[in-house]
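[1] Sequence plus the predicted model coming up.
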Amino acid sequence: MNNSSLDPAYTSLGFTLANSKYSCVREFYVVHFFFAMAMGVLGVVCFVTRLIPRLRYFHAPVGRAYIISLLGATASSLLIHNEGMPLGVLISFCWVLGGTVVGWLAIVLHRDILHNRALNELDRSKAELLGPSSESTKAQLQRIMRSIAERKTALQRMLSWKALHGILMLVSWVNIIGRIGVTFATFPKLSYPEFECYTYPAYKPVNSSWYQYTPGSPIQFLPSADPLYSRLPWAYSEGRFGTILLVGPSLAGFVLGLVYSYLSRRFGGSPKLQAVPESDAGSL
């Protein structure tokens, strides 16, 4: 086989293009590596900002950066496909994505519950000092927020973070609906449960750091089983490996959190409720 007569998609080590679809672009490995490393660093920073009281203000923005990095790593992984994913890594990634999603929902729920409890306690404190009020603090807060929103002009409403949120969520939804529509319109067969795995990876007819090609030899497919599979930490025990990655960090987090909570309560004390200066109210 003469390599010079082949389409570059068959021989290039910089990209893989099959049937007008990209599955691998070398530059995206750098992007993927950057976001993956960012997740590693930001995860540590998240814990540090939670442990040190003076840095707690940075915990939320660093956490959001962690989620953005996760999205970047996930998106870029679509274009670094060569052989697929081992079962052990797939299980690990389930914990990465599942832990992030459930963890984010948990902290949002915690924040809402804490916010409502704080408002209820504030109502009780006000009732003890000023007597019962016909309107709760939560209702007052909602009324004030609604009043602020109603005073905005149309231009002010559209030049706001809330409007940006709505516009970008619409962009996201339109594009996924469009992708679904194009799929059904272009490939009607896929509208039925007949999806098939109809391709198989093969080594490109060119020398690389992963495979040495012998000129004139036929295309060689990748083996279905890794001959060096036993070197991997999850080899032949993927279920146990996945359980360790789930239960181990969960138990460690619970124990560390218990110790931290005890020490914080023992030596940190309980902050007293105090009035917020008017000049600082806008930063809450």
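    That came through, no problem. Residues are numbered from 1 along each chain as shown.
[2] quick one: the strands in the stretch 1-150 of the chain?
    Ranges of strands within the stretch 1-150 of the chain are 15-18, 21-25, based on DSSP state E, counting those that start in this stretch.
[3] Now render the ones you listed as a markdown table, adding mean neighbour count and mean pLDDT.
    (Glycine included, C-beta is placed from N, CA and C.) As requested, these are exported to a markdown table (neighbours: other CB atoms under 10 Å; pLDDT from 0 to 100):
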| stretch | mean neighbour count | mean pLDDT |
| --- | --- | --- |
| strand 15-18 | 16 | 85 |
| strand 21-25 | 14 | 86 |
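[4] Where does D226 fall, secondary structure wise?
    Using DSSP states H and E, D226 is not contained in any helix or strand.
[5] Quick check: the gap between it and W234.
    The gap separating D226 from W234 is 12 Å, by CB to CB, to the nearest Å.
[6] The two: who's more crowded?
    Shown here are D226 and W234; by other CB atoms under 10 Å, W234 has more neighbours (20 against 13).
[7] give me the element that one is part of.
    Counting by DSSP H and E, W234 is found in no helix or strand.
[8] Contacts only, for it.
    86-89, 91, 241-242 (CB atoms under 8 Å, 6 or more residues apart in numbering).
[9] now, among the residues you listed, which is nearest to L168?
    Among the contacts of W234, V89 lies closest to L168 (CB to CB), at 31.2 Å.
[10] Excluding residues flanking it in the chain, which one is nearest that closest one?
    Excluding its sequence neighbours, the residue lying closest to V89 (CB to CB, 6 or more residues apart in numbering) is W234, at 7.9 Å.
[11] Could you do K152 as well?
    Using CB to CB, 6+ apart, the closest residue to K152 is S160 (7.6 Å).
[12] That neighbour: neighbour count?
    For S160, the neighbour count with other CB under 10 Å is 13.
[13] again with the one 4 residues further on
    A count of nearby residues for L164, using other CB under 10 Å, gives 11.
[14] mind starting the numbering at 52 from now?
    In the new count, where the first residue is 52, that last one comes out as L215.
[15] quick one: average confidence on the helix or strand that it is a member of?
    Here L215 sits within helix 212-237, counting by DSSP H and E. The average of the pLDDT scores along helix 212-237 is 77.
[16] Which other helices and strands does that helix contact?
    Here helix 212-237 touches no other helix or strand, going by 3 or more CB pairs under 8 Å, 6 or more residues apart in numbering; DSSP states H and E.
[17] one more time with 10 Å, if that's ok
    Contact partners of helix 212-237 among helices and strands, from 3 or more CB pairs under 10 Å, 6 or more residues apart in numbering; DSSP states H and E: helix 205-209.
[18] got the contact list for the helix it packs on?
    Applying CB atoms under 10 Å, 6 or more residues apart in numbering, the external contacts of helix 205-209 come out as 200-201, 203, 214-215, 217-218.
[19] So what's the gap between that helix and the chain middle?
    Relative to its chain's centre, helix 205-209 lies at 31 Å (CA atoms, centre = their mean, to the nearest Å).
[20] How many residues are close by L192?
    Around L192 there are 13 other residues, counting by other CB under 10 Å.
[21] what's the closest non-adjacent residue to it?
    L192 sits nearest to L170 (CB to CB, 6+ apart), 7.2 Å away.
[22] cool, S187 as well?
    Leaving aside its sequence neighbours, S187 sits nearest to D174 (CB to CB, 6+ apart; 5.4 Å).
[23] Tell me if I'm right that the one you found and S184 touch.
    Yes - counting by CB atoms under 10 Å, D174 does reach S184; the two are 7.4 Å apart.
[24] Next, work out how far apart the residue of the chain positioned farthest from its centre and L170 are.
    Distance from the centre of the chain peaks at G182, with 47.4 Å (CA atoms, centre = their mean). Noted for G182: a distance of 18 Å to L170, by CB to CB.
[25] Over to R115?
    The span separating R115 from L170 equals 25 Å under the rule CB to CB.
[26] of the two, who's got more company?
    L170 (16 against 12).
[27] tell me the SS of the nearest residue to S281 once chain neighbours are set aside?
    In space, not counting the residues next to it along the chain, S281 is nearest to Y287; the distance is 7.4 Å by CB to CB, 6+ apart. The three-state label given to Y287 by DSSP: H, G, I helix; E, B strand; the rest coil is coil.
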